[in-house]
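>>> Sharing a sequence plus its predicted fold:
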Amino acid sequence: MSQYYLSHLKELESEAIFVIREVVAQFEKPALLFSGGKDSIVLAYLSKKAFAPARIPFPLVHIDTGHNFPETMEYRDWLVKELGVKLVVGYVQESIDKGRAKEETGHNASRNALQTVTLLDTIEQHKYGAAMGGARRDEEKARAKERFFSHRDEFGQWDPKNQRPELWNLFNGRKSIGEHFRVFPISNWTEMDVWQYIQAENIPIPKLYFSHEREVIRRDGTILSTSPWLQLKENEVPVKMTVRFRTCGDMPITGAVESNADTIEKIIEEVAGSRTTERGTRADDKRSDTAMEDRKKGGYF
Amino acid sequence: MNNQLLRFTTAGSVDDGKSTLIGRLLYDSKSIFEDQLEAVEASSAKKGFDYVDLSMLTDGLKSEREQGITIDVAYRYFATPKRKFIIADTPGHIQYTRNMVTGASTANLALILIDARKGMVEQTYRHSFIASLLKIPHVIVCVNKMDLVNYDEAIFDKIVADYNAFSSKLEVFDIQFVPISALVGDNVVNRSENMDWYQGATLLHMLETVHIESDYNHIDSRFPVQSVIRPQSKEYHDFRGYAGRVAGGIFRPGEEVLVLPSGFTSKIKSIILGDDNLQEAFAPMSITMTLEDEIDISRGDIIAKPNNRPNTAQDVDMMLCWMSQRPLSLNSKFFIRHTTSDVKGVLKEIPYKLDINTLNRVEQVEQLTMNEIARVKIRTAQPLNFDSYRKNRITGSVILVDEGTNETVAAGMIV
């Protein structure tokens, strides 16, 4: 006798695949925003499953800050070949060269906020009707309020106080010309769900997530990798440490954690025992209490 | 790894202890992280509080935190070794009925909070009615703040009796009661030492064990087609798969199926997902189905069984929750989204609306304003293939979309 219920992972997978398929059915030009991080990787693999044996019917769009971990780029190029999917890259450097975005200066300078300009320009240039992202509601408090289908006005802005009600699994993707949607198929997943799914489905991930030796500095309680884009302060001396990354953002702002977890099993064990959230390692969220909400209103991921 | 997922909804206003209860569940199940707690502590101190305001964990928007109120649905997550939980946390005031309906639409279970000092109040009736209207299969009534009534058994018993008397008028079949103090922690995660007279389970134990396997319909087979998969490659030249999510019943390869609205029949050739061939599929599985015969099937069609078909009609009766600032009047036209189909429709009649605090019917209604709930008749441009919402929450629900603004303006439960 079969049991007619799904495990939580299967139910989350089924929900995400349903959402991805709705996007393809409801929008003329969808795209998947790919950062190289584990969440967008899971999204790419879910997309593969959703349309098999056909190929993924939309491109991966990467907003390239130029400040990437080399491991991320290597993985991105491998994945694109592996999935047989088209890659579209929007360059933050181009936005800077055109005067559309202004580089931050100082020790904590980052291109994180600049990505919004490039992202919106890329969406407009390619006329994407829907851009899917791997954001999860458990990540951050402003994201906890996000819909699966999130409407953006013609300026790419999010209006959190006037969101469309979203009932059952009936998603409303109707929009006027010039507007677009951000869609978050793994809204209901937690960090642990993502790791368990990567393990269950045997999904390859970038080496950054596993424990390795790296040259780093400590700054304001955060462990940062040395890189050409990290300006060292006078008293900062790089040291070698055994670390791994819990998220995969820009090199100068993504903090590492000390870790010996060199397998998925060990990572899951570590995540289960962790007393801080993964975004606790992100300098970009610490700028203010509503840093994420403010960036999201403007059109950020 | 093989945990089940339970989605539950809570509704409440600032002072009835809802945020404290959620905070307690998250905190005692070790789902609050140090950096989150530090951020909330810092914000509380900044506002001049001498306690940690756990409601700030759920109230995420700037305007909510400024005003100290919950405006929108917020989703929260926690897990125990037995289950994963998704909480849809909604405001409780009547002006947010639409948010409560939204949170309730996907829930397996509703938590109803009653202040032991106050007993049943208007909000209790309203939340219970919404749970019943949205056919949430399970209800747990938490009688909270027992610490403030000296853990008095008689007070708890009286509230249970009052609630049972009232709920006999509603369609809620699985109701459990638990006396708690969210503030102190009695019977939330840990058993209370202050209420020897209570022999039942703690709230968390109820959440972990309530029987949710039968929450989906596994009898009436329904498969709304989302899209058609045609690989256009040499290897899969003739492949034609129907992608969708099973809405009810069970499908197996070899079974005869009926396609609506065309009425053609065929046999299931295979059921696949990714690289896997499946022996059966049931709700809520996303799958791709192939059939023995090449027949014309497209998005919006429903695959069912020849001896068990959904209702087909152009005049549909439903309970409607109006969600737009602009009032609804007779003869208004909309797009109607039902499973994966999209048709035009017009509002023909409003036989009555409900006073959601008293459940009294108000007849001779010309229009509906935001947050009102009414029985309506809608005429659709093409026939809908539907079940009653009571029978199937997926094939029995619709949303109405405004033709001009593209806004989602109403939620409908087909009678």
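The structure has been received and is ready for your questions.
>>> Report all helices and strands that whichever strand or helix holds residue A:76 contacts.
Per DSSP states H and E: residue A:76 is located in helix A:70-83. Under the contact definition 3 or more C-beta pairs under 8 Å, 6 or more residues apart in numbering or on different chains; DSSP states H and E, helix A:70-83 sits against helix A:38-51, strand A:60-64, strand A:87-91. Placement of C-beta: from N, CA and C, glycine included.
>>> Just the C-alphas of that helix, formatted as PDB.
Output of helix A:70-83 as PDB, limited to C-alpha atoms (Å, rounded to 0.1, in the frame of the first residue of the first chain):
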ATOM      1  CA  PRO A  70      36.900  33.000  -9.800                       C
ATOM      2  CA  GLU A  71      35.300  29.800  -8.600                       C
ATOM      3  CA  THR A  72      31.900  31.200  -9.300                       C
ATOM      4  CA  MET A  73      32.700  32.100 -12.900                       C
ATOM      5  CA  GLU A  74      34.300  28.800 -13.500                       C
ATOM      6  CA  TYR A  75      31.200  27.100 -12.200                       C
ATOM      7  CA  ARG A  76      28.800  29.300 -14.200                       C
ATOM      8  CA  ASP A  77      30.500  28.500 -17.500                       C
ATOM      9  CA  TRP A  78      30.500  24.800 -16.700                       C
ATOM     10  CA  LEU A  79      26.800  24.800 -15.700                       C
ATOM     11  CA  VAL A  80      25.700  26.700 -18.900                       C
ATOM     12  CA  LYS A  81      27.300  23.900 -21.000                       C
ATOM     13  CA  GLU A  82      26.000  21.200 -18.800                       C
ATOM     14  CA  LEU A  83      22.400  22.400 -19.000                       C
END
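>>> Touching it from outside, list them.
A:34, A:36, A:41, A:44, A:48, A:55-56, A:60, A:62, A:86-87, A:204-208, A:248 (C-beta atoms under 8 Å, 6 or more residues apart in numbering or on different chains).
>>> ok, back up a step: nearest to residue B:152, out of the helices and strands packed on helix A:70-83?
With C-beta to C-beta as the measure, helix A:38-51 is the member of these nearest residue B:152 (49.6 Å).
>>> if you look at that closest one, does any of it touch chain B?
Yes. If you take C-beta under 8 Å from any C-beta of the partner chain as the test, helix A:38-51 does meet chain B, through A:48, A:49, A:50, A:51.
>>> Need those in TSV (columns: neighbour count and distance to residue B:99).
Below are the residues of helix A:38-51 next to chain B laid out as TSV (neighbours: other C-beta atoms under 10 Å in any protein chain shown; distance: C-beta to C-beta, whole Å):
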residue	neighbour count	distance to residue B:99
A:48	18	36
A:49	20	33
A:50	28	30
A:51	22	34
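>>> Look at the residue in the stretch 1-150 of chain A that chain B sits nearest to and say how many residues are nearby.
Minimum separation of the stretch 1-150 of chain A from chain B (C-beta to the nearest C-beta) falls at residue A:141, amounting to 3.3 Å. Counted with other C-beta atoms under 10 Å in any protein chain shown, residues neighbouring residue A:141 total 24.
>>> cool, and residue A:231?
Neighbour number of residue A:231 under other C-beta under 10 Å is 12.
>>> how about it, secondary structure?
coil (DSSP: H, G, I helix; E, B strand; the rest coil).
>>> quick one, what contacts residue 204?
By default, I'm working from chain A. residue A:75.
>>> that answer is for a different chain, and I need it for chain B
Each residue near residue B:204 by C-beta under 8 Å, 6+ apart is listed here: B:25, B:28, B:29, B:80, B:188, B:189.
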